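*Asks:* Pasting the sequence and the predicted coordinates here, then a few questions.
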Amino acid sequence: MSVDAFSQHPPHPFFGVAADCLTIDGRSIVEIAAQVGSTPFYAYARTHLNERVAALRAALPQAVHLHYAMKANPMPAVVNHMSRLVDGLDVASALEMQVALESGMAPERISFAGPGKSVMELRRAAAAGIVVNVESELEVERLAAIARETGRRPKIAIRVNPDFELKSSGMKMSGGPKQFGIDAERVPELLKKLPELPLEFYGFHIFSGSQNLRADSIIDAQQKSVALATELARVAPAPVRLLNIGGGFGIPHFPGEKALDIRPIGENLHDLVERARSSLPEAHLAIELGRYLVGEAGIYVCKILDRKISRGQVFLITDGGLHHHLSASGNFGQVIRKNYPVAIGNRIRGTKREVANVVGPLCTPLDTLADRMDLAEAQVDDLVVVFQSGAYGFTASPHRFLSHPQPIEILL
C-alpha cells in the first residue's frame, strides 16, 4: 500500500488546500476545472515557474547561463513564458525550433540537439541562425554542403559522447556506445578538419544523463565535462564561445525520494566558472534543464466516471489514463511501477480514507494511474489530480491510443 500523496509529497507553496480542496494561487481545482470546461486537462502554474527559476538564479553563479530544454514541455504558452526567464532554449525538432523562434528568443541563444536531424531540419536551422549541436560527422558534412549552396555559415557546437556517465541517472546518455554525440576520442580529428569547412564553430555540448537526485553525481559529471572541454579546446579552430554541460537535475516522483540539494551544485559551479575563465576565457558556461524547471509546476486532472468494487478492491475509473499521461502509468521507462503522487483534488483529506486503484477507460490493465493507494474516499464526478506532471506528460503520451479525445493544456 502506498502512503497518502500529500503526506509523502507535500504540496508546494503555490499548491494549497482550502475547505479540503486543492488550490493553485488561491483558486480551487473545482473552479479551474469549470474554467477549462472539460476533463482531462493539464494545468501549469506560472507562479512556480517563476519561483523555480528565481531559486536557481540565487543558488548558481551569475555567469552560468540557464537554458530551458523544451522537450520537457513544449507548450507554446509555457515556452513563451520561460523565454523571458532563461538565457537560452534547447530544441529537438523543427516544430520545437519554430516555437522557440516565435517566442522571441535570439536565434544564437537557441540550440538544436538530437541524433537524427533530417536535411530539412538542418536547412531550417542554418537559415534561422541557431546553433546546431552536431552529433555525427555526417551532420557536419551536410551542414557544410548547405553552407556552400546558400552562402550562409551555420553555427555549430559539437555534442561530445564522453567516456564517463552521470551516475545514478534515470536515463544515462553518455559513456560507452551511444547514439548521442560523437565519441570523445574522435572529436580532435573532426576539430582539425573544421578550418577547411564553411562552418562557424561555437563550442561543445556534453549531456551525460537526466533525472538525477544526487548532487555529488551531478558535480562529478560537471567537473569532468569542463575538464574534457578544456582538453578538446586545445585543438579547436576557434575559441569556445558556448560550453553546455547539460543538466540532469531531477525531481522527486516516488515515496522515499528527496528533493535535489542544489546548494553544493551551485558552489561547485562557482569553482568551475573560475576555472573556465582561465582555460576557456570566451566561453559562456551553460546548464540545460527541462524537467527540473517545469515538472513540479504541472498537474494532470481527470474525473471519476465510475466507482466499482472487485473482489474487495476499490477501482476508481476515470476519463484519463496512460494515453494522456504515459509516465504516470509507469510505462515510460519504469522497470518496477511506482505511483506518482496522486490525490482526490476536491477531497484532499476527506472524511474517510480508503485504499483504491485509479484506472483509466482503456481496454488494457496497463492503464493505471494509482495502484492500491491511500486516498480520500471518492465518488463519481470527483477530480483525481496527478502531481509532478509538468514535464514529459502531454507530449510524451500516445493520445491516439484507442481514439479517445486528447486532454487540454492551460497555463495559469
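*Replies:* Cool, got the structure.

*Asks:* Report back the residue of the protein that's furthest from centre.
*Replies:* Arg311 (39.6 Å; CA atoms, centre = their mean).

*Asks:* how many other residues sit next to the closest residue to Ala69 other than its chain neighbours?
*Replies:* What sits nearest to Ala69 in space, not counting adjacent residues and going by CB to CB, 6 or more residues apart in numbering, is Gly290, at 3.4 Å. To be clear about C-beta, it is placed using only N, CA and C from the backbone, and glycine gets the same treatment. The tally of other residues near Gly290 (other CB atoms under 10 Å) stands at 24.

*Asks:* I'd assumed Lys71 was in contact with Gly290.
*Replies:* Yes: contact criterion CB atoms under 8 Å: Gly290 and Lys71 qualify, at 6.0 Å.

*Asks:* what touches both of the two?
*Replies:* Each of Asp90 lies in contact with both Gly290 and Lys71 under the rule CB atoms under 8 Å, 6 or more residues apart in numbering.

*Asks:* related to what we said a few turns ago, give the contact list for the residue nearest to Ala69.
*Replies:* Gly290 touches Tyr68, Ala69, Met70, Lys71, Ala72, Asn73, Asp90, Ser210, Gly247, Ala391, counting by CB under 8 Å, 6+ apart.

*Asks:* Tell me where the stretch 201-350 of the chain has helices.
*Replies:* 215-233, 263-279, 291-294 (DSSP state H, counting those that start in this stretch).

*Asks:* avg pLDDT for the second one?
*Replies:* Spelled out, it's helix 263-279. Averaged across helix 263-279, the pLDDT comes to 93.

*Asks:* and the angle for it with helix 215-233?
*Replies:* With axes from the mean of the first three to the mean of the last three CA atoms, to 10 degrees defining the directions, helix 263-279 sits at 10 degrees from helix 215-233.

*Asks:* contacting residues around helix 263-279?
*Replies:* Residues contacting helix 263-279 (CB under 8 Å, 6+ apart): 59-61, 63-64, 215-216, 218-219, 222-223, 226, 230, 233, 243, 249, 283, 285, 287.

*Asks:* CA atoms only for it, dumped as CSV, please.
*Replies:* This file holds the C-alpha atoms of helix 263-279, laid out as CSV (Å, rounded to 0.1, in the frame of the first residue of the first chain):
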residue,chain,number,x,y,z
ARG,A,263,23.5,24.3,-2.9
PRO,A,264,26.6,22.1,-3.4
ILE,A,265,26.0,22.2,-7.1
GLY,A,266,26.0,26.0,-7.1
GLU,A,267,29.2,26.0,-5.0
ASN,A,268,30.8,23.6,-7.5
LEU,A,269,29.7,25.8,-10.4
HIS,A,270,31.3,28.8,-8.8
ASP,A,271,34.6,26.9,-8.9
LEU,A,272,34.1,25.8,-12.4
VAL,A,273,33.3,29.3,-13.6
GLU,A,274,36.6,30.5,-12.2
ARG,A,275,38.5,27.6,-13.8
ALA,A,276,36.8,28.2,-17.2
ARG,A,277,37.8,31.9,-17.1
SER,A,278,41.4,30.9,-17.4
SER,A,279,41.1,27.9,-19.7
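
*Asks:* Cys363: which element?
*Replies:* Secondary-structure assignment from DSSP states H and E places Cys363 in no helical or strand segment.

*Asks:* residues contacting it?
*Replies:* Leu402.

*Asks:* Distance check, it against Gly321.
*Replies:* Counting by CB to CB, to the nearest Å, the gap from Cys363 to Gly321 is 11 Å.

*Asks:* tell me which residues in stretch 354-370 are buried?
*Replies:* For stretch 354-370, a neighbour-count test (16 or more other CB atoms under 10 Å) marks Ala356, Asn357, Val358, Val359, Gly360, Pro361, Leu362, Asp367, Thr368, Leu369, Ala370 as buried.
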